[in-house]
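*Asks:* Give me a model of this one.
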Amino acid sequence: MFIGNRLGLELFRKRYVTLAAALTLLLTVAPVYGTPSLKVGSTASYNLAASLSATQSCSANPTTYYNEACLGIYPPPPAFVAIYDNATCTPAKFSCGFGQPSLSVSAGTNVVWQNNGQLTHSVISNDTVNLVADPFNSGPLSPGSTFTHVFAQQGTYQYYDGNYRFLKGTAYVSPAASATTLTPSISQVGLNGNVGWTVEGLSSSTANLLVSHNLGVSISVPQLPGVTITPVTESGTFVQSIDLATRVESAGTATDLIEHLLDAYAAAASGAYGYNSGFGNIISQMSATASSDPSYTLWWVNGPLSNGSPVQVMDGWASVTGSETLDLGGLGNAQAWIITSRFSQGVNLTVPNSPLVPPTGPNAQAALNLSFLWSYDKGSDLLVRSFANGTITMHSVSSTQVSTNGYCYSYPCTYTTVQVTRDLRLTVTLALHLTSTSLSLDQRMRSRASTLDMSSMLEAIIATPWMTLSIVGVAAGAIIVFSLWLTRRVRRGAMPEATPTPVSDPMTPPTTP
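*Replies:* Model prediction:
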């Protein structure tokens, strides 16, 4: 029985010491590697500021045809005024007159008077009444002949028939519909607001984020002072499902449903009823490209990282190119890795002579430059800043033909060759800055499925502050001393007394042969 008691106490002592060691290790590692910081209800909010600036210009040679060649705007069609009579012209009603005694046109319009009567008439400006000097005199107009005059300036013009002075007419001339200008056209769009996410579903392998945004849009045209549209507000939410191990994101149920509806529409628009819709094909190609290429979340990375490490962000690879210290305001300073990606592309295009683009095709150059920068906190792997910049520049020179008689209201039509030069520059910037989060910036966001190796444990022990480590050591020592003291009390209580009393034999562990 003594041997059985001894074996039982030895087993109890080993188990208790093992438990003490396990608790010691747990207390030592826990300050750095507890449960993952990402949990249901975790949030992160960012301030978003973006802008789009577009500058475009067009010039024509000769400049006279700027509106036609650059804007596709031709002079307004001519206005016709019929002169009628019934072979006599007296002040009697309906004997003779102008078909439109009151005429409204815009400046630059050709006004054509046509003699549809049997008598000779004339059209003469009443210079003594008109406030704007624009004299004209048709001279005698025999039956069937016409007279044309262009009112170049805004104003009210009185005129009369020189042969029958009681026949009078008025032309009301408004400003030209479009003025010829060679100044660049500039427009700017601003986007400001908040973007954030909340973890609404979490497992060992997947995190479902509810991404929300509340943005204000402003539009301004600097060359038109005072013309600003602001604010136009826009808000919404959508779900992203992120694989914690790979960081590949996919759409939530509602977003995926919208994508399927767009796919169905694209398919119907592309081949329905035997015709081919270019718009439908564009949607189909964009959707196919988006679904075939994996997209990696930008909200966090799976660290730890090091300088020169490759990282998959958004739709491709980027590299860790440095580190920085960022002031996050109320969140304090963050030590962050800098991840960058750049893209540049130039295109030169010369279209050969073609009957479809007479007389010569365009010579065009285009350049595209994109740069991305992400800063991730070294301790938590959380995105703390993002910046994107993109520019597109295009320059083209082409020759085109324009009509010299407006909309070609008289035949034969005549054309002239005009050289057109176009320039476009589009600049887009976007910046995200972390403003608040429920996550701890000193705790790494890792997948729950990941495991700790010995090197990670050693790093955690070394990284634990000495004060914390000393407290843990005292606690661990107290547990071990208490376990040894308890073992001795149990052993003493199990020794045989001077006067034995009948007791039942304790269960003894099986012995090995």
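*Asks:* where's the residue nearest to Ala336 when sequence neighbours are not counted, which helix or strand?
*Replies:* Computed as Cβ to Cβ, 6 or more residues apart in numbering, the closest residue to Ala336 that is not its neighbour in sequence is Ser375, at 4.1 Å. Where you see a C-beta, it was placed from the backbone N, CA and C, and this is true even at glycine. For Ser375, the enclosing helix or strand under DSSP states H and E is strand 363-377.
*Asks:* Also Thr237?
*Replies:* According to DSSP H and E, Thr237 maps onto strand 228-243.
*Asks:* Okay, and the beta partners of Ile83?
*Replies:* Legend: beta-bridge partners of Ile83 under DSSP bridges are Phe98, Asn115.
*Asks:* burial measure for Tyr84, as a count.
*Replies:* Burial of Tyr84, expressed as a neighbour count using other Cβ atoms under 10 Å, amounts to 18.
*Asks:* my guess is it contacts Trp113, does it?
*Replies:* No - between Tyr84 and Trp113 there is no contact under Cβ atoms under 8 Å: 11.4 Å.
*Asks:* tell me the helices in the stretch 1-150 of the chain, going along the chain?
*Replies:* In the stretch 1-150 of the chain, the helices defined using DSSP state H, counting those that start in this stretch lie at 2-29, 66.
*Asks:* likewise the stretch 351-500 of the chain?
*Replies:* 454-463, 466-494.
*Asks:* worst average pLDDT in those?
*Replies:* Ranked by mean pLDDT, the helices of the stretch 351-500 of the chain bottom out at helix 454-463, with a mean of 42.
*Asks:* quick check: domain ranges of this protein?
*Replies:* For the chain, the structural domains run 2-29+456-494, 43-61+181-247+297-451, 77-174, 249-292, going by automatic domain parsing.
*Asks:* any idea which of these scores lowest on pLDDT?
*Replies:* When I compare those, domain 2-29+456-494 is least confident, with a mean of 44.
*Asks:* What backbone torsions are found at the nearest residue to Ser122 once chain neighbours are set aside?
*Replies:* Residue nearest to Ser122 in three dimensions, not counting chain neighbours: Gly162, with 3.8 Å by Cβ to Cβ, 6+ apart. Here the main-chain torsion angles of Gly162 (degrees, to the nearest 10) amount to phi -70, psi -20.
*Asks:* which residues does Gly162 contact?
*Replies:* Residues counted as contacts of Gly162 (Cβ atoms under 8 Å, 6 or more residues apart in numbering) are Ser122, Val123, Ile124, Asn137.
*Asks:* Highest neighbour count among these?
*Replies:* Val123 (23 neighbours).
*Asks:* Leu52 versus that one, what's the distance?
*Replies:* Distance from Val123 to Leu52, counting by Cβ to Cβ, to the nearest Å: 53 Å.
*Asks:* same thing with Phe147?
*Replies:* In this view, Phe147 and Leu52 are 52 Å apart by Cβ to Cβ.
*Asks:* more crowded one of the two?
*Replies:* Phe147 (19 against 16).
*Asks:* what comes up buried for the strand holding Ser375?
*Replies:* Ala364, Phe372, Leu373, Trp374, Ser375, Tyr376, Asp377 (16 or more other Cβ atoms under 10 Å).
*Asks:* tell me the two of those residues that are most distant?
*Replies:* Spatial extent of these (Cβ to Cβ) is set by the pair Ala364 and Asp377 at 44.5 Å.
*Asks:* Now do the helices in the stretch 201-350 of the chain.
*Replies:* For the stretch 201-350 of the chain, the helices defined by DSSP H, counting those that start in this stretch cover 253-271, 278-292.
*Asks:* Next, give phi and psi for Gly252.
*Replies:* According to degrees, to the nearest 10, Gly252 has phi -80, psi 180.
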